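K.L.:
Predicted model and sequence below, questions to follow.
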Amino acid sequence: MADGPRYQRIADLLREEIRNGTWKPGDRLPSHNELADQMQVSITTARNAIQVLVAENLLYTATSRGTIVRSQEVLEYIVTSSIRPDRPKSTQDIFSELARGVGREPSKQFSARMEPAAPDVAMWLGVPEDSWVVARTVVQYLDNEPWSWEISFYPRDLAEATGVDSPHDIPEGTTRRLAQRGHPESAHRDTIVARPASAEEAAVLGVGVGTMLLDHLRIGANADRVTRVTRHRSIAARNRLAYELGDDAGTELIRKTLGTPQPPGNSHSFGNSLVPGPP
């Protein structure tokens, strides 16, 4: 190995092995103990080497599976897909549609709770501060790899009236549930910022603290009220957000020009793609 700190030399070696295909996406690397034995270094040195590659988004750690090689593909998500008026009925939410549309297997960890509205949530929803709201949290995975973290907040009365206060995941998605129960969303405001991950976000998404995230805030409403606010956080280097605005003819022409794949049997529902990430 080249000169430099031992942990950096081990990181350089593993990085090269990942890039040349010795280790493929989804492969489990040796444990810290195994790596320390193989390289004849301390466990601390081995751990530091792994953390270098976690910070570079080449690896992530899973409690039950160890250290795993990340996919280097970039997921492109058409943000307007989930709110198209002609979106077909489905028993899947938009994340599952997206994942399966590009040949990936989705999974989630879901939780729901009632909590007092924090100042920012109260402002977004237009409800009194500390009034009760329903918070629905989903950590989303692609092929078991942590991909995004989403938290949605709903006014308590609306959540109870539509069944969104359910302690279980809603397979078809809450946007469809609201519409089915008489509260379709007719307006949206999206704010997207790129910023470093906090310690909590890094732990949930399996990245290093300071890794750049896309923080996407969507507020949904109809003519009567704000219906919900959703905060979706994903790894900036592995996700690309796009919007499609205008008529179907122009949208289809743009998709054909870009080579954006269409879902089988429906040219209008959504468009998403996976493209190779940087080497």
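P.N.:
Now that the structure is in, tell me what you want to look at.
K.L.:
Flag every buried residue along stretch 166-186.
P.N.:
170, 172-179, 183, 185 (16 or more other CB atoms under 10 Å). Yep, even glycine has a C-beta here, placed from its N, CA and C like the rest.
K.L.:
Under a three-state scheme, what state does the closest residue to A55 other than its chain neighbours occupy?
P.N.:
Excluding its sequence neighbours, the residue lying closest to A55 (CB to CB, 6 or more residues apart in numbering) is G208, at 3.4 Å. Three-state assignment for G208 (DSSP: H, G, I helix; E, B strand; the rest coil): coil.
K.L.:
try H216
P.N.:
Going by three-state DSSP: H216 is strand.
K.L.:
just R113 next, same as before
P.N.:
strand.
K.L.:
Could you report the distance from it to S166?
P.N.:
12 Å (CB to CB, to the nearest Å).
K.L.:
Contacts only, for the nearest residue to D130 once chain neighbours are set aside.
P.N.:
Spatial nearest neighbour of D130, excluding adjacent residues (CB to CB, 6+ apart): P116 at 4.3 Å. Going by CB atoms under 8 Å, 6 or more residues apart in numbering, P116 touches 129-133.
K.L.:
Pick the one among the residues you listed closest to I43.
P.N.:
V133 (44.5 Å; CB to CB).
K.L.:
I figured V164 hits L158, correct?
P.N.:
Yes: with contact defined as CB atoms under 8 Å, V164 reaches L158; the gap is 7.2 Å.
K.L.:
Common neighbours of these two, please.
P.N.:
With CB under 8 Å, 6+ apart as the test, V164 and L158 both reach L178.
K.L.:
looking at this, F95 is in a helix?
P.N.:
Yes: assigned with three-state DSSP, F95 falls within a helix.
K.L.:
wouldn't it be in contact with R104 here?
P.N.:
No: between F95 and R104 there is no contact under CB under 8 Å: 10.3 Å.
K.L.:
Great, nothing more from me.
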